[in-house]
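Engineer: with the sequence up front, the predicted model follows.
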Amino acid sequence: MDIPSKEDIIRKAGDLKVLPFVARKVLDTIGNENFSINDLSNIIEKDQAIAARILKISNSAFYGLRHEVIGINQAILILGVKTIRSLALYFLFQQDQFTKSSVLRSKQYGTILSGLLFQLRYSLQGLGQN
(Lines give C-alpha, C1' and ligand atoms only; values in the text may rest on other atoms or scores of the structure.)
Protein backbone atom coordinates (compact mmCIF):
# COMPACT_ATOMS: atom_id res chain seq x y z
CA MET A 1 0.00 0.00 0.00
CA ASP A 2 1.40 3.36 -1.07
CA ILE A 3 1.55 6.23 1.38
CA PRO A 4 -0.02 9.32 -0.20
CA SER A 5 2.24 12.31 -0.69
CA LYS A 6 1.59 15.64 1.00
CA GLU A 7 0.53 17.06 -2.37
CA ASP A 8 -2.04 14.28 -2.84
CA ILE A 9 -3.49 14.92 0.59
CA ILE A 10 -3.71 18.67 -0.04
CA ARG A 11 -5.28 18.11 -3.46
CA LYS A 12 -7.94 15.89 -1.91
CA ALA A 13 -8.72 18.38 0.89
CA GLY A 14 -11.50 19.84 -1.24
CA ASP A 15 -13.28 16.47 -1.16
CA LEU A 16 -13.59 16.53 2.62
CA LYS A 17 -16.90 17.63 4.09
CA VAL A 18 -16.79 20.51 6.52
CA LEU A 19 -18.51 19.92 9.83
CA PRO A 20 -21.17 22.66 10.05
CA PHE A 21 -21.00 22.96 13.83
CA VAL A 22 -17.27 23.71 13.62
CA ALA A 23 -17.83 26.43 11.02
CA ARG A 24 -20.59 27.89 13.24
CA LYS A 25 -18.27 27.78 16.24
CA VAL A 26 -15.62 29.65 14.23
CA LEU A 27 -18.18 32.37 13.46
CA ASP A 28 -19.37 32.51 17.07
CA THR A 29 -15.80 32.82 18.31
CA ILE A 30 -14.97 35.61 15.86
CA GLY A 31 -18.16 37.37 16.97
CA ASN A 32 -16.84 37.46 20.55
CA GLU A 33 -14.67 40.56 20.89
CA ASN A 34 -12.43 38.86 23.47
CA PHE A 35 -11.37 35.87 21.35
CA SER A 36 -7.73 34.98 20.77
CA ILE A 37 -5.99 33.47 17.77
CA ASN A 38 -5.34 30.38 19.92
CA ASP A 39 -9.09 30.02 20.61
CA LEU A 40 -9.80 30.19 16.90
CA SER A 41 -6.95 27.83 16.04
CA ASN A 42 -8.14 25.23 18.56
CA ILE A 43 -11.59 25.21 16.97
CA ILE A 44 -10.33 25.04 13.38
CA GLU A 45 -7.97 22.17 14.22
CA LYS A 46 -11.00 20.04 15.21
CA ASP A 47 -12.13 19.89 11.56
CA GLN A 48 -9.61 18.47 9.11
CA ALA A 49 -11.47 19.88 6.11
CA ILE A 50 -11.43 23.47 7.31
CA ALA A 51 -7.85 23.16 8.56
CA ALA A 52 -6.63 21.67 5.26
CA ARG A 53 -8.36 24.33 3.16
CA ILE A 54 -7.05 27.19 5.30
CA LEU A 55 -3.52 25.80 5.09
CA LYS A 56 -3.90 25.31 1.34
CA ILE A 57 -5.00 28.91 0.83
CA SER A 58 -2.31 30.34 3.10
CA ASN A 59 0.33 28.36 1.17
CA SER A 60 -0.96 29.47 -2.22
CA ALA A 61 1.21 31.42 -4.62
CA PHE A 62 -1.05 34.43 -4.08
CA TYR A 63 0.65 35.16 -0.76
CA GLY A 64 4.14 34.58 -2.17
CA LEU A 65 5.62 33.35 1.08
CA ARG A 66 9.15 32.02 1.06
CA HIS A 67 8.38 29.40 3.66
CA GLU A 68 5.66 26.82 4.09
CA VAL A 69 2.83 27.57 6.50
CA ILE A 70 2.38 24.46 8.63
CA GLY A 71 0.37 25.72 11.59
CA ILE A 72 -3.19 27.00 11.83
CA ASN A 73 -2.11 29.91 14.07
CA GLN A 74 0.30 31.10 11.40
CA ALA A 75 -2.30 30.62 8.65
CA ILE A 76 -4.83 32.71 10.58
CA LEU A 77 -2.29 35.51 10.97
CA ILE A 78 -1.48 35.42 7.26
CA LEU A 79 -5.08 35.26 6.02
CA GLY A 80 -6.59 37.54 8.63
CA VAL A 81 -9.75 37.17 10.66
CA LYS A 82 -12.01 38.67 7.96
CA THR A 83 -10.89 36.06 5.46
CA ILE A 84 -11.31 33.25 8.00
CA ARG A 85 -14.84 34.51 8.71
CA SER A 86 -15.61 34.64 4.98
CA LEU A 87 -14.33 31.10 4.53
CA ALA A 88 -16.39 29.82 7.48
CA LEU A 89 -19.51 31.43 5.99
CA TYR A 90 -18.71 29.92 2.62
CA PHE A 91 -18.28 26.47 4.18
CA LEU A 92 -21.62 26.80 5.97
CA PHE A 93 -23.51 27.85 2.87
CA GLN A 94 -21.82 25.11 0.89
CA GLN A 95 -23.53 22.50 3.08
CA ASP A 96 -26.78 21.01 1.78
CA GLN A 97 -28.71 21.79 4.95
CA PHE A 98 -28.45 25.50 4.20
CA THR A 99 -29.51 25.19 0.57
CA LYS A 100 -32.53 22.86 0.68
CA SER A 101 -35.20 25.36 -0.24
CA SER A 102 -35.38 26.30 -3.91
CA VAL A 103 -35.87 29.96 -2.97
CA LEU A 104 -32.68 30.01 -0.97
CA ARG A 105 -30.79 28.21 -3.71
CA SER A 106 -32.01 30.40 -6.53
CA LYS A 107 -32.12 33.95 -5.17
CA GLN A 108 -30.87 34.43 -1.65
CA TYR A 109 -28.07 31.89 -1.94
CA GLY A 110 -26.72 33.60 -5.05
CA THR A 111 -26.85 37.00 -3.38
CA ILE A 112 -25.19 35.75 -0.20
CA LEU A 113 -22.53 33.83 -2.10
CA SER A 114 -21.80 36.86 -4.30
CA GLY A 115 -21.35 38.98 -1.18
CA LEU A 116 -19.07 36.42 0.42
CA LEU A 117 -16.94 36.08 -2.69
CA PHE A 118 -16.66 39.86 -2.97
CA GLN A 119 -15.60 40.09 0.67
CA LEU A 120 -13.10 37.27 0.20
CA ARG A 121 -11.65 38.93 -2.91
CA TYR A 122 -11.49 42.23 -1.04
CA SER A 123 -9.62 40.60 1.82
CA LEU A 124 -7.27 38.71 -0.48
CA GLN A 125 -6.37 41.87 -2.35
CA GLY A 126 -5.16 43.35 0.91
CA LEU A 127 -7.69 46.16 0.76
CA GLY A 128 -9.53 45.06 3.90
CA GLN A 129 -7.59 45.46 7.09
CA ASN A 130 -8.38 43.39 10.19
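Structural biologist: Yep, that arrived.
Engineer: lowest-pLDDT helix or strand in the chain?
Structural biologist: Ranking every helix and strand in the chain by mean pLDDT, DSSP states H and E puts helix 102-103 at the bottom, with a mean of 44.
Engineer: gap between the two ends of stretch 51-68?
Structural biologist: Using CA to CA, to the nearest Å, the end-to-end distance of stretch 51-68 comes to 15 Å.
Engineer: residue boundaries of the helices in the chain?
Structural biologist: 6-11, 20-31, 37-44, 48-58, 72-79, 81-94, 102-103, 109-124 (DSSP state H).
Engineer: reformat those as JSON lines; add mean neighbour count.
Structural biologist: (C-beta placed from N, C-alpha, C; glycine too.) Below are the helices of the chain laid out as JSON lines (neighbours: other CB atoms under 10 Å):
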{"stretch": "helix 6-11", "mean neighbour count": "11"}
{"stretch": "helix 20-31", "mean neighbour count": "17"}
{"stretch": "helix 37-44", "mean neighbour count": "18"}
{"stretch": "helix 48-58", "mean neighbour count": "20"}
{"stretch": "helix 72-79", "mean neighbour count": "19"}
{"stretch": "helix 81-94", "mean neighbour count": "20"}
{"stretch": "helix 102-103", "mean neighbour count": "8"}
{"stretch": "helix 109-124", "mean neighbour count": "14"}
